[in-house]
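> Quick one, structure for this:
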Amino acid sequence: MSELNVKDFMETIIARNPGEPEFHQAVQEVAESVIPFINANPKYREAKILERIAEPERVIMFRVPWLDDKGETQINRGFRVEMNSAIGPYKGGLRLHPTVYLGLLKFLAFEQVFKNSLTTLPMGGGKGGSDFDPKGKSNNEVMKFCQSFMTELQRHIGPNTDVPAGDIGVGGREIGFMFGQYKRIRNEFTGILTGKGLNWGGSLIRPEATGYGCVYFTQAMLKFKGDSLKGKICVVSGSGNVAQYTIEKVNQLGGKCVTLSDSSGFIHDPDGIDAEKLAFILELKNVKRGRIKEYAQKYGCEYVDGKKPWGIKCDVAFPSATQNEINEDDAKTLVKNGCIAVGEGANMPTTPEGVEVFQKAKICYGPGKAANAGGVATSGLEMSQNSLRLSWTREEVDQRLQGIMLAIHEQCAKYGKEKDYIDYVKGANIAGFVKVADTMLDQGLV
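Model prediction:
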């Protein structure tokens, strides 16, 4: 059997999945790392493991009709991509955003397979959501949508089948509405969603987990080089859950975060976003659902309209907003300004050209599938607590999270070590692949 090559493999992927650029990008990034490893280990090539991983096990698409506050019928489209269940139930978030379409969710589900494998927990990969936009909707409208969405989704999920979580546009409110509808229809109280409220099966540290985990991973990369986050100036994008708790953990480890952003622009506060200012952000974004420029108005710092924060001089960057937010020019600017580490809190926030810039400069670059795996890892811990009908303390969960992020770093270092540099992209992709691939070989043609 002839060796695999990236060009032919990608031509097949693109032909089978037309018009899905995010999915093509995600598969190509993995293929470039993994195909040389597959060619060196023919058992994976002969069983066409990578070809199978790149094809979802199941794709569910459905309509979501709901009534708005004017009594008018609205119709959205719902999705669940169940990508791979070799090592456990499908696990991955639900995203509510106007940009959601099948190709975007296939990219996220594909990434999730590798990320979940890296956590060392028994979770497969999936992703779902809808093109519904919760922004500007009343509580009642969000509830009506969530109930209609779950009315269909409930027949495809379960604690041993598929356990969704939150993602962009899906926080505690939306999870609550969906869980209530599942319980009403199925007449059972079971852990079919993670990110639940603490009173009804949620886990401590879950809201903080992605941000905390990303900082733990970045700290591990720096420690490997004899450095730390102490005294480092950090630039953070986004202002949601991941960005908020990235700042909290950086502060605790002695660093200083000076930016936050949203879709309108970014703020630059050279004095640093301390605990008091962060409390204002949490209220502004999680309760009032306001805009980041209100921070600049309150604290008298700079607000830059319509831009991203990558031009601000920093030691460490935490892209925590959305995919492809750092392009080649942004990456060059960061490196030129002395950035020594990047920890991706978002999924695939750096374009391939940007990644190349970071790798050529040999800075510590933690790709999302490794650096932001703390969120899904803690979701996995929530699943365990639900199965045991137990609730662990904050300290227990945080300790387990730290242990998981250090284990992920160790796996990435093992497979990504080169002469004078650790290629964390290659390390994460191969480490994630090996566990899933070996399991698929054990289970036969599934």
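> can you list the domains in this protein?
Domain assignment for the chain, taken from automatic domain parsing, gives 6-53, 58-188, 209-371.
> in stretch 355-370, what's buried?
355, 357-359, 363-370 (16 or more other CB atoms under 10 Å). C-betas here are computed from N, CA, C, even on glycine.
> And those, which is closest to Val170?
The closest of the buried residues of stretch 355-370 to Val170 turns out to be Gly368 (CB to CB; 18.0 Å).
> Can you give me every residue that contacts that closest one?
With contact set as CB atoms under 8 Å, 6 or more residues apart in numbering, Gly368 has these partners: 111, 115, 344-349.
> Kindly recompute the last result at 6 Å.
By CB atoms under 6 Å, 6 or more residues apart in numbering, the contact set of Gly368 is 344, 347-348.
> Mind jotting down where the strands sit in this protein?
Along the chain, counting by DSSP state E, strands occupy 58-67, 73-84, 90-96, 125-130, 162-166, 233-236, 256-257, 259-262, 265-268, 302-305, 316-318, 341-343, 364-366.
> how about those strands, which one is nearest Lys285?
strand 259-262 (8.1 Å).
> Just checking: what are the partner strands of the closest one?
Using DSSP bridges, the strands paired with strand 259-262 are strand 265-268 (antiparallel).
> which residues of the stretch 101-250 of the chain fall in helices?
102-118, 139-153, 172-186, 209-224, 241-252 (DSSP state H, counting those that start in this stretch).
> Any chance of CSV for those, columns mean neighbour count, mean pLDDT and distance to Lys308?
Formatted as CSV, those follow (neighbours: other CB atoms under 10 Å; pLDDT from 0 to 100; distance: least, CB to CB, whole Å):
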stretch, mean neighbour count, mean pLDDT, distance to Lys308
helix 102-118, 26, 96, 20
helix 139-153, 20, 98, 28
helix 172-186, 18, 97, 27
helix 209-224, 26, 97, 18
helix 241-252, 24, 97, 13
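> what about these, which gets the closest to Pro21?
That would be helix 102-118 among the helices of the stretch 101-250 of the chain, by CB to CB, at 7.0 Å.
> who does that closest one touch, helix- and strand-wise?
helix 21-40, strand 73-84, strand 125-130, helix 368-371, helix 424-443 (3 or more CB pairs under 6 Å, 6 or more residues apart in numbering; DSSP states H and E).
> quick one: contacts of the last one?
This points to helix 424-443. Here helix 424-443 has contacts from 30, 33-34, 37, 44, 47, 49, 86-87, 114, 117-118, 365-367, 369-370, 411-412, 415-416, using CB under 6 Å, 6+ apart.
> Now for Ala321: which residues touch it?
237-238, 346.
> For Thr210, see how far away the residue nearest to it when sequence neighbours are not counted is.
Nearest non-adjacent residue to Ala321, counting by CB to CB, 6 or more residues apart in numbering: Gly238, 3.5 Å away. Gly238 sits 11 Å away from Thr210, going by CB to CB, to the nearest Å.
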